[in-house]
Each structure stands twice: as C-alpha cells, then as structure tokens.
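**Q** I would like the atomic coordinates for the input below:
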Amino acid sequence: MPSAQHVLLAIHVKRTDNVELKNPILSYIRETYSDREAEDAVDDLAAIQALRNEIVLVQAGSQLNAKDTYIKYFKCLTAIETRFPISSEKGNVRITFPWNDAFRSSKRTSQANIHFEKGAILFNAAAVMSQQALQVERSTPDGLTQACKLFQESAGMFAHLKETEASKIDNPRPVDLSPECLSMMEKLMLAQAQECVYHKAVMDKKTAGVLARLAKQASNLYGEASAMFNGAVLVQHFERSWVAHTQMKAALLDVNSLMDQGRYYLSETKIAMEVATLGEAFTRMQSVKALAKAVGKEMAESLKGQEEQLQLALTKAQRDNNTVYLERVPPFADVPPIQPALLVKSVPPSNLDASTENLFSGLIPDSSAKALSKYTDSVDGVSRELLNKLADATDAARLALKQAELPDLLEALDGSSTASVPDSLLRDIEEVNSIGGTQHLREILQEMGELRRHVDGDLSKCQQSLDEEASADAQARSTYGDEWRVPQSATLAKHLWEKLHSYRSTMAQAGESDAKVIQRLNDNEAAFAALTPDAAASQLPRLQAPLLSTGPADPAVVVANLRRNMEALNQLSNERAGLEEALKDLKAKDNILPKLMSAGSSNTDALFDRELKKYEGIRADVARNVQRNSELLAAITRDAQV
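**A** All right, here's what the predicted structure looks like:
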C-alpha cells in the first residue's frame, strides 16, 4: 500500500513524432556550400537522424535508459545550431519540431526553432532522472543517497533549461517549457531531495533536533512548490492531484518536524515545551489527514500509525507534566520556531559540452570563421569599454565617500534608529539569530559533552582491561615463579599506558577548555540574548547636530541634502550592477553565426554594423549613469566640506 510518508512524484516526458532532419539539412549544404561538402556530412546527419528516430521509438516503452540518448542528441543539436540556421525564414533550413505538452498530452506545439527541440530534449532528460530516482530502492541509506543525487541533478537540469533554451523558444511558448513551470519543477525536485535527506537522517539515528530542522526545510520546499501551482500560468494546467500531493507533503513534513522537536524537548526535560509542540502537531495532523484523503484513501489510511504514535506521546507528556513537573504549558505561539536546515541544491549538468562531438568539422569556411572572430573581437571591445566605465564610476564613488567619512557620519546622526546600524553588523546579527543564537551554542556544547562522556567511558574500559591483564600476569608469576618466562605486563603494555595517560591528559585539557567556554557563555548569555538590531543601534556612538561644522548653511538642510544624494548614489550603484548583468547577458546571447553564414562573405561589414547597434541602448544607459554619478559626487563632496 502506498505510504504518505514515502510516496514521491516523477515527471512525465514530452512526446513527439518522427521528424526528417537529414534531407532538409543536406539540401541546405548543397545550396550554401557544395555537393562535396554535402557528401562529407551524410554520415553525420545519418547518425543524428538515427538518434532522433530512437527517441521516438523509446516512447513506446520504458524511458529509464533513455537519458544517454537524450544527452547525445542534445549535443548533436548544439553542433547543428552553430552551423545551420533552422527557422521558417527564407533561405534557412525549414524543419518543424512537434512536441506534446508533458502534463496535457492533448496539447501539441510545433515550431521551426531548434531551441524548442533542445528545450524539449533537456526537459525529458530531467524527467527521466526523476523517474530513475523513484526506481531506486529507498529503504536503505545508500538508496536514499542515490535518489537524492538524482533529484538534485534533475533540479539542476530544469534550472539550466530555464536559464538557456526556454527564453529562446517562440511565442506562444508551451506551458511545460515556461519559466514558471520549470521553476516549479526545480523546486519540487529539491523538495523531494530534501525529503530523502530527512529519511536517511532518520535511518542514521540523527538527533531529534537535527531531524526537526531537516523536516522543516523539506516542508518549506514543498510549500513553495505548492504555491507555484496557483500562479496565473500554471493554475489551470495541472491536474488537482499534483497540488494535493505537494500540499499533503508540506503539511505532513511539518508535523514530522514538530514531532521530532517534541522528542528533542523531552530529551532536554522541557516537558511544558514538549506538550505545547506535540499538541500543535496533533492539531495539524487533522489537516494532514484531510489533505491525504484528497490524494487517495490509501494515503489517509497510511497515517493511522503515525497519528496513534503522536497521540501516545502527547498523552504521556501531558500526564508527566500534570503529575510530576507541574510546569505551565505556554501557547504554541511562544515556542521558539524550528530553524530549517537546507542540505540540497540544484546540481548543474556537466555533460552537455558539445565540443567533444566531432560533427561537420569541415562545414565552416575559413572566411566565415575569421569574420566571426572579427565580430567577436568588436563585441569584446565594446563590452570591455562599458564595463571599465562602470567600474571607474564605482571606484570614484567609493573613494569620494571614504574621504568624506560617509555614510558613517550620517549613521552616527541617526542615533538609536536601526538605520544607523551598519549593514555588515546587521547581517552578522541576523546570521547569529538565524542559527538559533545561544540555543545553538548550547546544543553544540551538549553534543561535545556527550562525546566526552563516551570517550571517558572508552578510556576507563581500556584501563580496566590493562589492569586485569597486569593482575593476571602477577598471579601467573606468583604461581609459576621462574617458569613463567613471559615478559612482564608493565613492559609489554608500557606504550599502551603512555597512550592512555596522554589521552586522559588531553581529555582533561579539553574539559578545562570546555568549562571556560561554558563559563564565558554563561557570563555573556544575557548579552547574546539582547543581540538585536534595536539593541545594537542604542549602543552605537551618536553625533549631535551642533557638533557638525556647517558654516553659514543650515545644518538640517545640509544633512537632508546629503541623505537625499546618498540615497540617489546608492540607486545608481544598484543600477550599475544591473547594467553589468544586462551587458553580460546580451553578449552571451549574441550568436550571429546563422546570420553570418546566410549573409555570405561580401555582406559581413553591413551585418556587423547592424548587429553592433544592439549595444547602443546599453551604451547610452551607461553614459547617463556615469554622468549622474559624477554630478552626485560633486554635490556630496561640496556639502560634506561646508
């Protein structure tokens, strides 16, 4: 019977029909190059056609072994893309690629666009990896590790598809290849990978506190994936079962997190916190049951054992508190939230490099290669010029602000406002609080204490064994006298005793060091607990307005001008970062090889002039940013020196 705890989802593959690649490309080669070069390309095109035909054939059976075929065909498509312009435009290779939607098989899209074909192939490769993950035996730690790896690789493939081919597909773009759907698929794969990490941690008998954090992160990821289904693009596209599954998983792993946190409080003898946490878990379990029922009756049935276990734990905790501990049970809202621990990430594909595929090696004329190199040099020059201007503007702003001691002087004037706290300090405070603050340090010290007790126990057992061996040796010598010719125990075990004493000395030193750390933590715990942005702001040094020498100008006006110009300068800095990314993105997508090969060697200069105009817009934006940056720096320097 399927279990709500362990059921996972695999992604459907997209389906297609046979497509004739070989003959249209051969015709293009004959028209553009020569019959001889077309003859040289026959074998390469036949191999690529066979791969495309194989992709259609495997649709009738299992897809689990099709990943290598998809990857190899994708590399071939990359080789085709750099040599032959495939589109419906006159003079290009006209090949139409039909693909059905993976989640609505009745919806078919056909495009004469090689990026559509490449996107569908990457989608199927990612889908197959999710299917392989479900076929792994996940009842063992090794199996869970393998499944987790496959889910992360699938997430990485979906992310790569979204960042590369998806944006180049013609509109209307099919929903399953939209950025929204691909982002959701990536998030779902990461959620399932994190869940595998959690189940492996359970098998490895990790501490309850660790399990709670892992389950909480898995719940969050499922929740984020579930929310994506409600977006405008996806809300009507998926069957309700997909949404119900992610909602159930998010809620169930949230309950798991609370149950594990309850066991952690029990180990810490914090019974009131345990009662509050398990009570909330029991309440949320009722919602889980309803969500599981929406997925299937078997799912709801599989939760009975967990619900009974939760009920028993809650009843016992309540009884213990009512009869022994008599602690006030706080509202669950007052219980510290569980800090999630993310242990998975999207793994980018590393096997898509087409440079190893020796295809159509003789089909790019030397003149075209030289022309492309010339254009690339021109683009590099434009990019380098604009990036240098942006970098110079940033350096000028940094130097001018440092000389004017800004924004430090303005932050000092802000007094106790959190706006006066430097961003670096705010980030440090947030980082400390995000990992649990002093509670996190206490957990680490507790684990170290447990490890120290285990080591002390092992050393005591070793000493006992040596003592018993020495006693036995002495008894034998007393009994047999000179006939007992075995070397004395003290001699044979000398190096063991030395090691034992060395280990005990090390443990004693470690104990003293731990005691000092604990004492320092106890002495400063109040300071740690009060480590908030507001507290930090209240302790920062302040400047009073009369201390600022402003000459005849009104101090309030000068300060207001400085603040306004500093804010505008910061906006310019953010704009420069965006311009740098936009420039890099424009350069990365600037592939004129298909146009270059279609234009012929006689029209390259005119083509270059037209293509380089695409950089004029960003060049103007850079010039405006740099000019405005200079004006603001001049105004800030003038006000700072008044």
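**Q** only C-alpha atoms for contact and neighbour calcs from this point on.
**A** Noted.
**Q** what are the ranges of the strands in the protein?
**A** Listed in chain order, the strands of the chain (DSSP state E) span 97-100, 108-111.
**Q** and the last one, what other elements does it pack with?
**A** For strand 108-111, the elements it packs on are strand 97-100, judged by 3 or more Cα pairs under 8 Å, 6 or more residues apart in numbering; DSSP states H and E.
**Q** and with 10 Å instead?
**A** strand 97-100, helix 114-135 (3 or more Cα pairs under 10 Å, 6 or more residues apart in numbering; DSSP states H and E).
**Q** Which residues outside the shortest one are in contact with it?
**A** Same thing as strand 97-100. 13-21, 105-114, 116-117, 120, 174, 176 (Cα atoms under 10 Å, 6 or more residues apart in numbering).
**Q** and residue 524, what does it touch?
**A** 438, 518.
**Q** Check it and give its pLDDT.
**A** What the model reports as pLDDT for residue 524 is 77.
**Q** And residue 515, by the same measure?
**A** Reported pLDDT for residue 515: 83.
**Q** could you measure it against residue 240, distance?
**A** 57 Å (Cα to Cα, to the nearest Å).
**Q** same check, this time on residue 181
**A** To residue 240, residue 181 is 15 Å away according to Cα to Cα.
**Q** same check, this time on residue 227
**A** To residue 240, residue 227 is 13 Å away according to Cα to Cα.
**Q** Residue 130 is in contact with residue 9, isn't it?
**A** Yes. With contact defined as Cα atoms under 10 Å, residue 130 reaches residue 9; the gap is 7.8 Å.
**Q** who's more crowded, these two?
**A** residue 130 (27 against 15; other Cα atoms under 10 Å).
**Q** Now do the contacts for the more buried one.
**A** For residue 130, the contacting residues are 8-12, 64, 124, 147-148, 150-155, 189, 192, by Cα under 10 Å, 6+ apart.
**Q** Cross those residues against helices and list the overlap.
**A** Taking DSSP state H as the definition of helices, these contribute 124, 147-148, 150-155, 189, 192.
**Q** Would you format the residues you listed as TSV with distance to residue 309, neighbour count and pLDDT included?
**A** Shown next, in TSV, are the ones in helices among the contacts of residue 130 (distance: Cα to Cα, whole Å; neighbours: other Cα atoms under 10 Å; pLDDT from 0 to 100):
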residue	distance to residue 309	neighbour count	pLDDT
124	41	26	96
147	28	26	97
148	28	27	98
150	32	24	97
151	30	33	98
152	32	28	98
153	35	26	97
154	35	35	98
155	34	32	98
189	29	33	98
192	24	27	98
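**Q** Would you mind giving the residues you listed as TSV with distance to residue 468 added?
**A** Output for the ones in helices among the contacts of residue 130, formatted as TSV (distance: Cα to Cα, whole Å):
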residue	distance to residue 468
124	67
147	50
148	49
150	53
151	54
152	54
153	56
154	59
155	59
189	57
192	54
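**Q** Which member of those residues is positioned nearest residue 631?
**A** When these are compared for distance to residue 631 (Cα to Cα), residue 155 wins out at 46.2 Å.
**Q** Check what contacts stretch 583-595 and list those residues.
**A** Everything outside stretch 583-595 that qualifies as a contact, by Cα under 10 Å, 6+ apart, is 81-86, 92, 164, 168, 364, 368-369, 371-372, 375-376, 379-380, 382-383, 386-387, 577-582, 598-599, 604, 607-608, 611-612, 614-615, 618-619.
**Q** ChimeraX command for the buried members of those?
**A** Of the contacts of stretch 583-595, the buried ones go into a single ChimeraX selection, burial set by 16 or more other Cα atoms under 10 Å:
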select :81,83,84,85,86,92,168,368,371,372,375,376,379,382,383,386,387,579,580,604,607,608,611,615,618,619
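**Q** how near is residue 212 to residue 256?
**A** 7 Å.
**Q** picking up where we left off before, for residue 399, find the nearest of the strands of the chain.
**A** Closest among the strands of the chain, using Cα to Cα: strand 108-111, at 53.1 Å.
**Q** Report how many residues lie close to residue 170.
**A** By other Cα under 10 Å, the residues close to residue 170 number 14.
**Q** doesn't residue 178 make contact with residue 162?
**A** Yes. Proximity of residue 162 to residue 178 meets the contact threshold set by Cα under 10 Å, at 7.6 Å.
**Q** Which one of these two is surrounded by more residues?
**A** When residue 162 and residue 178 are compared for neighbours, residue 162 comes out ahead with 23 against 19, by other Cα under 10 Å.
**Q** number of nearby residues for residue 119?
**A** The number of residues packed near residue 119 is 23, by other Cα under 10 Å.
**Q** does it really touch residue 159, like I thought?
**A** No. Between residue 119 and residue 159 there is no contact under Cα under 10 Å: 11.4 Å.
**Q** between these two, what contacts are shared?
**A** Shared contacts of residue 119 and residue 159, counting by Cα under 10 Å, 6+ apart, come down to residue 166.
**Q** pLDDT-wise, which helix or strand of this structure ranks last?
**A** helix 593-599 (a mean of 57; mean pLDDT, DSSP states H and E).
**Q** since we're on residue 180, how many residues are nearby?
**A** If we define neighbours as other Cα under 10 Å, then residue 180 has 17 of them.
**Q** Now do the same contact list for it.
**A** Residue 180 makes contacts with 162, 228-229, 231-234, as judged by Cα under 10 Å, 6+ apart.
**Q** thinking again about what came up before, give the intersection of the neighbour lists for residue 130 and residue 9.
**A** 189, 192.
**Q** which stretches of the stretch 451-600 of the chain have low pLDDT?
**A** 528-531, 533-555, 593-600 (pLDDT under 70).
**Q** could you redo the last one with a cut-off of 80?
**A** 485, 489-490, 492, 521, 524-563, 566, 591-600 (pLDDT under 80).
**Q** which residues of it fall in helices?
**A** If you assign secondary structure with DSSP state H, counting those that start in this stretch, the helices in the stretch 451-600 of the chain sit at 489-492, 494-529, 533-539, 555-588, 593-599.
**Q** Could you check how far stretch 24-37 is from the centre of its chain?
**A** 46 Å (Cα atoms, centre = their mean, to the nearest Å).
**Q** average pLDDT across it?
**A** Stretch 24-37 comes out at a mean pLDDT of 89.
**Q** could you dump it to CSV, C-alpha only?
**A** Taking C-alpha atoms only, stretch 24-37 is exported to CSV below (Å, rounded to 0.1, in the frame of the first residue of the first chain):
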residue,chain,number,x,y,z
PRO,A,24,16.5,19.4,-45.4
ILE,A,25,20.0,20.0,-44.0
LEU,A,26,21.7,18.2,-46.9
SER,A,27,19.7,20.4,-49.3
TYR,A,28,20.9,23.5,-47.4
ILE,A,29,24.5,22.3,-47.5
ARG,A,30,24.3,21.8,-51.3
GLU,A,31,22.9,25.2,-51.8
THR,A,32,25.1,27.0,-49.4
TYR,A,33,28.4,25.1,-49.8
SER,A,34,28.8,22.3,-52.4
ASP,A,35,27.9,18.8,-53.3
ARG,A,36,31.2,17.6,-52.0
GLU,A,37,30.7,19.1,-48.5
